[in-house]
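The following block contains a protein sequence and its predicted model.
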Amino acid sequence: MTTQQLTSEIRKKKSFLCVGLDIDLAKIPSSFLEEEDPIFEFNKAIIDATHDLAVAYKPNIAFYEAYGLKGWTALQKTIAYLNENYPEVFTIADAKRGDIGNTAAMYAKAFFEDMSFDSITVAPYMGKDSVEPFLSFENKHTILLALTSNNGAYDFQTKALDGKPLYHQVLETSKTYVNSEQLMYVVGATKAEYFTEIRAIVPNAFLLVPGVGAQGGSLEDVCKYGMAANVGLLVNSTRGIIYASKGEDYAEAARAEALKLQQQMERFL
Ligand SMILES: O=c1ccn([C@@H]2O[C@H](COP(=O)(O)O)[C@@H](O)[C@H]2O)c(=O)[nH]1
């Protein structure tokens, strides 16, 4: 999917909501545990209940790896279900990969070719040759961690390197990479006070913004300070949506939470 198609989908749905799919078997309704593939069945129910309110879905790969082969199978079925039934949604493999070039190329092949995700999150720490293999895939997007939502972000990301905060260096240096127009960046909703300076460096890049809902970030502030001419925002909520209820009304509750966020977003579009 191109970023132009993503922006037009955002305008059509009046939403830049990304629903996270981080499945913890201890948190889903117990009735699913009788299914052969509880993770996939739960994902399918959440996707069906929210697809008209969301433009993106983001499984965090850790939650699938944790269940071994069954988890990987559920992940493959989930991405195939999204691509077959809702090809208009943008898919994000939240894998936070990063390694030397030939290894990075294999990560890219796994997530872009084998599983057909539209994008993957990547740690920028190992630099240009660890990122460019992802950028060589046409119409696929690499989402670099710039300023993350957690408190540990202050350990390194805001520290000065050559007189500028490290996250500035990540944004500026990555703009020089081959096919840099396919880059997007992770910026936490909990860091809303940084959005204006981030937009000064990457005015039109898409920002994946986790941290609203369970982590307490303000959607209002993200919209006020982070929005670009092409919208340029994908705001993620995971636990706040998928675990809105552990009862049999889990799908209605997830939809209600997604709708609340979509209605707030609509005011800014
Ligand atoms: O800076 C970051 C980068 C990634 N994440 C991931 O996003 C979701 C957030 O889940 P919530 O339940 O809405 O808090 C999760 O997969 C994180 O690993 C992040 O939170 N912050």
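Okay, I see it.

The ligand contacts on the stretch 101-250 of the chain?
148-150, 186, 188, 210-211, 213-215, 236-240 (Cβ under 6 Å from any ligand atom). Every C-beta, even on glycine, is put in place using the N, C-alpha and C of the backbone.

Is there a quick ChimeraX command that grabs whichever of those residues are buried?
This is the ChimeraX syntax for the buried subset of these, where burial follows 16 or more other Cβ atoms under 10 Å:
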select :148,149,186,188,210,211,213,215,236,237,238,240
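
Please enumerate the strands of the chain.
Assigned by DSSP state E, the chain shows strands spanning 17-21, 56-59, 90-97, 119-122, 141-147, 160-161, 164-165, 183-187, 207-209, 233-237.

Nearest residue to residue 207 in space, please, no chain neighbours.
residue 187 (4.9 Å; Cβ to Cβ, 6 or more residues apart in numbering).

okay, now the one you found: neighbour count?
30 (other Cβ atoms under 10 Å).

which residues does it bridge with?
residue 147 (DSSP bridges).

okay, the closest residue to residue 148 other than its chain neighbours: pLDDT?
Closest residue in space to residue 148, ignoring its immediate chain neighbours: residue 188 at 5.4 Å, by Cβ to Cβ, 6+ apart. With respect to pLDDT, residue 188 scores 98.

what about residue 188, distance to residue 252?
29 Å (Cβ to Cβ, to the nearest Å).

Serialize the strands of the chain to JSON lines and add fields for distance to residue 42.
Formatted as JSON lines, the strands of the chain follow (distance: least, Cβ to Cβ, whole Å):
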{"stretch": "strand 17-21", "distance to residue 42": "9"}
{"stretch": "strand 56-59", "distance to residue 42": "12"}
{"stretch": "strand 90-97", "distance to residue 42": "17"}
{"stretch": "strand 119-122", "distance to residue 42": "22"}
{"stretch": "strand 141-147", "distance to residue 42": "25"}
{"stretch": "strand 160-161", "distance to residue 42": "42"}
{"stretch": "strand 164-165", "distance to residue 42": "39"}
{"stretch": "strand 183-187", "distance to residue 42": "25"}
{"stretch": "strand 207-209", "distance to residue 42": "23"}
{"stretch": "strand 233-237", "distance to residue 42": "16"}
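
I figured the residue nearest to residue 148 was touching residue 149, is that so?
Yes. With contacts counted by Cβ atoms under 8 Å, residue 188 reaches residue 149, the gap being 2.6 Å.

shared neighbours of those two, anything?
210-211, 215, 217 (Cβ atoms under 8 Å, 6 or more residues apart in numbering).

Report the closest residue of the stretch 51-200 of the chain relative to the ligand.
Minimum separation of the stretch 51-200 of the chain from the ligand (Cβ to the nearest ligand atom) falls at residue 148, amounting to 3.1 Å.

Tell me how many other residues crowd residue 165.
17.

Next, give phi and psi for the spatially closest residue to it that is not a sequence neighbour.
Excluding its sequence neighbours, the residue lying closest to residue 165 (Cβ to Cβ, 6+ apart) is residue 158, at 5.1 Å. Residue 158 adopts backbone torsions of phi -100, psi 0, taken as degrees, to the nearest 10.

For residue 71, see how far away residue 158 is.
34 Å.

Looking at the two, which one has more neighbours?
Legend: neighbour count by other Cβ under 10 Å for residue 158 and residue 71, higher for residue 71 (18 against 14).

for the more buried one, what are its contacts?
So residue 71 contacts 39, 63-65 (Cβ under 8 Å, 6+ apart).

Next one: it from residue 64, what distance?
On the measure of Cβ to Cβ, residue 71 and residue 64 end up 4 Å apart.

Find residues that contact each of those two.
Contacts common to residue 71 and residue 64, judged by Cβ under 8 Å, 6+ apart, are residue 39.

Quick one: the helices in the stretch 151-269 of the chain, in order.
153-156, 166-174, 195-201, 219-226, 239-242, 250-266 (DSSP state H, counting those that start in this stretch).

swap that for the stretch 1-150 of the chain, sorry
Under DSSP H, counting those that start in this stretch, the stretch 1-150 of the chain gives helices at 3-13, 38-50, 62-65, 68-85, 101-108, 128-135.
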